[in-house]
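Student: Quick one, what's the 3D model for this:
(one chain, ligands or ions: 2)
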Amino acid sequence: MKEFKYLEFDALYDNYVKKHNQIISDLLNPKLKKKNPPKVVVVKPDMVTGYGNRFPGIVCGFLYAIISDRLFFIEGYKNFEDFFLLDFDHNWNSIKNFYNKNSSKYLHNIRNNDFPLITKGNLKDVDSFDILYVRTWDYVCAPIISNPHYKDWIGRIIPDYRVFTAISLRLFRLKLTYVDQIKNFIDNNFGDHNIGIHIRSKKTSLYRMVIPVEHYFQVVKTLLVGIKGKTISIFIASDTNDDRDKLAKLLKSSNHFNNNTINVVYVENDMNIHNPVNFNPGTEANAIVDMKILSFCDDLVITYGSSFGFIAAGWSYNAVSRQRGPYILMPIRNSSVDLLITDKVYVWGATTSEPCMYSSRTLIEKEDKETVAIFKTNPFWLYHIQCHWPSI
Ligand SMILES: Nc1nc2c(ncn2[C@@H]2O[C@H](COP(=O)(O)OP(=O)(O)O)[C@@H](O)[C@H]2O)c(=O)[nH]1
Ligand SMILES: [Mg+2]
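Tutor: Numbering: from 1, shown residues only. Ligands and ions are numbered 1, 2, ... in the order given. A predicted model of the protein is given here:
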């Protein structure tokens, strides 16, 4: 695993951890009789959908906390410590009693969007509120890194603008048991070049759109053009056993792979079981394992409209060294004629491993000119607006 570090950000994070721990231990120390609790950002992550929505919301909350010089907390993530290491206690329940009578404001609520505030506002203007709540499942770091008040500073501490990678690698460090499992899988299954595929076919919000499994196969063939005489692993993560098995069979039966040795690999998850709370396929444990293994692949082929693959693309140091992609497979109408429509692409390559901001087109269409112009100073704004749902 690559020895790349965001030196400036990592130093800032280490200082943040020290500061957080000190302030909270003073607050909880009865002898000190501290009266004024610190100003905070409290993220309410989307716990009803999946990791692909939970992670971006939390990362954005942390970015809000550091740019507004507040402490960072998460509300309602009960089983965080089952999966992740904890550098500092960010459980809002630990200190929320100190705030009962204090003032609060929603800095960002996905239902109201509040884009002008986060794209061009100065957070000093909301300094009087003790609590700034953040509720989002979307990657709103995209407009924050355009904000003229913070742009230069964020650009200095995270020079390649891969805010998700820098923050997620510190906040979402897996516990040893998962690290071992993932490392073991990689040691036993990865080759010289590794292509990760995330198939998401059972997403109800994609209406009647589908992506035939053959399309994933086509993209793998394209990615292998020019690669010769190597050991290639093709790692499949999928929300159904059937699609995974179908793609594995297609790949294994192909003879189009130059002189490469191809190993088709996957974790033996039973995706027929469902999470009883949010009805997601599989389990939270096998989801983070699949996601993390994907993140270590050299090439990624992911599914349009599924945040799972976008998050995988940014959640390892490979995000920094990956030469190309991720490649995003586009859905088509569930009919034989759609493929013949020539104004459709079935796959496109992204230029960044940052997660997509799904509501960026809403921002561009609904907000005032200045907000839109500022958002467009994000070098990846064109990429972000491709994430919007397809118009059918
Ligand atoms: N193990 C595993 N779980 C998956 C896979 N695809 C989807 N899931 C589960 O379904 C959830 C879907 O939510 P999310 O991550 O937001 O992705 P989205 O619904 O496709 O945008 C994930 O968090 C996982 O729990 C997969 O390939 N492997
Ligand atoms: Mg999602």
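Student: Relative to ligand 2, which residue of the chain is the closest?
Tutor: Closest approach between the chain and ligand 2, counting by Cβ to the ion: residue 307, at 3.4 Å. For glycine as for every other residue, the C-beta is placed from the backbone atoms N, C-alpha and C.
Student: show me what contacts that residue?
Tutor: The contact partners of residue 307, taken as Cβ atoms under 8 Å, 6 or more residues apart in numbering, are 50, 52, 53, 56, 137, 355, 356, 358.
Student: same deal with residue 109?
Tutor: When contacts are counted by Cβ under 8 Å, 6+ apart, residue 109 touches 133, 134, 135, 136.
Student: just curious, which of the residues you listed is nearest to residue 156?
Tutor: The closest of those to residue 156 turns out to be residue 134 (Cβ to Cβ; 23.2 Å).
Student: The closest one belongs to a helix?
Tutor: No. Assignment of residue 134 by DSSP: H, G, I helix; E, B strand; the rest coil gives strand, placing it outside any helix.
Student: give me the number of residues near residue 268?
Tutor: Other residues near residue 268 come to 7 when the count uses other Cβ atoms under 10 Å.
Student: and the contacts of residue 307, which of them are in helices?
Tutor: Cross-referencing the contacts of residue 307 against helices under DSSP state H gives 52, 53, 56.
Student: leaving aside the residues next to it on the chain, what's closest to the second one?
Tutor: In other words, residue 53. Once flanking residues are discounted, residue 53 sits nearest to residue 137: 3.6 Å by Cβ to Cβ, 6 or more residues apart in numbering.
Student: which phi and psi does the one you found have?
Tutor: phi -110, psi 0 (degrees, to the nearest 10).
Student: Touching, it and residue 49? I think so.
Tutor: Yes. Judged on Cβ atoms under 8 Å, residue 137 makes contact with residue 49 at a distance of 6.3 Å.
Student: the more surrounded of the two?
Tutor: Neighbours per residue, other Cβ under 10 Å: of residue 137 and residue 49, the larger number sits with residue 137, 22 against 15.
Student: ok, now which ones touch that one?
Tutor: Listed by Cβ under 8 Å, 6+ apart, the contact set of residue 137 reads 45, 46, 49, 53, 54, 56, 57, 110, 307.
Student: Between these, which sits nearest residue 145?
Tutor: Distances from residue 145 to those, taken by Cβ to Cβ, are shortest for residue 56, at 13.4 Å.
Student: Now do the SS call for residue 66.
Tutor: Applying three-state DSSP: residue 66 is helix.
Student: what pLDDT does it get?
Tutor: Note on residue 66: pLDDT of 97.
Student: And for residue 284, the neighbour number?
Tutor: 17.
Student: check contacts around it.
Tutor: Going by Cβ under 8 Å, 6+ apart, residue 284 touches 51, 79, 83, 275.
Student: Now it, what are its backbone angles?
Tutor: Residue torsions, per degrees, to the nearest 10, at residue 284 are phi -60, psi -40.
Student: separation between it and residue 80?
Tutor: Taking Cβ to Cβ, to the nearest Å as the measure, residue 284 falls 11 Å from residue 80.
Student: Same check on residue 160?
Tutor: Per Cβ to Cβ, residue 160 is found 28 Å from residue 80.
Student: Compare the two (neighbour count), which wins?
Tutor: residue 80 (18 against 14).
Student: Neighbours of the residue lying closest to residue 228 once chain neighbours are set aside, how many?
Tutor: Closest residue in space to residue 228, ignoring its immediate chain neighbours: residue 258 at 4.8 Å, by Cβ to Cβ, 6+ apart. Counted with other Cβ under 10 Å, residues neighbouring residue 258 total 13.
Student: Am I right that residue 258 is in a strand?
Tutor: No. Applying three-state DSSP, one finds residue 258 to be coil, outside a strand.
Student: Going by residue numbers, what spans are strands in the stretch 201-350 of the chain?
Tutor: Under the criterion DSSP state E, counting those that start in this stretch, the stretch 201-350 of the chain carries strands at the ranges 209-210, 231-238, 261-265, 299-303, 327-329, 332-333, 347-349.
Student: Can you spell out the domain ranges of the chain, please?
Tutor: The chain breaks down by automatic domain parsing into domains covering 7-161, 180-353.
Student: Just give me the neighbour total for the residue in the chain that ligand 1 sits nearest to.
Tutor: Nearest to ligand 1, among the residues of the chain, is residue 50, at 2.0 Å (Cβ to the nearest ligand atom). Other residues within reach of residue 50, judged by other Cβ under 10 Å, total 23.
Student: For the closest residue to it other than its chain neighbours, give me its contacts.
Tutor: Counting by Cβ to Cβ, 6+ apart, residue 50 lies nearest to residue 280, which is 5.3 Å off, once chain neighbours are set aside. With contact set as Cβ under 8 Å, 6+ apart, residue 280 has these partners: 49, 50, 274, 287.
Student: how about these in JSON lines, adding pLDDT?
Tutor: Putting the contacts of residue 280 into JSON lines (pLDDT from 0 to 100) gives the following:
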{"residue": "49", "pLDDT": "85"}
{"residue": "50", "pLDDT": "92"}
{"residue": "274", "pLDDT": "91"}
{"residue": "287", "pLDDT": "97"}
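Student: Residue 194 - that's part of a strand, no?
Tutor: Yes. Residue 194 forms part of a strand when assessed by three-state DSSP.
Student: Could you number the chain from 490 rather than 1 from now on?
Tutor: Shifting the count to begin at 490 puts that one at residue 683.
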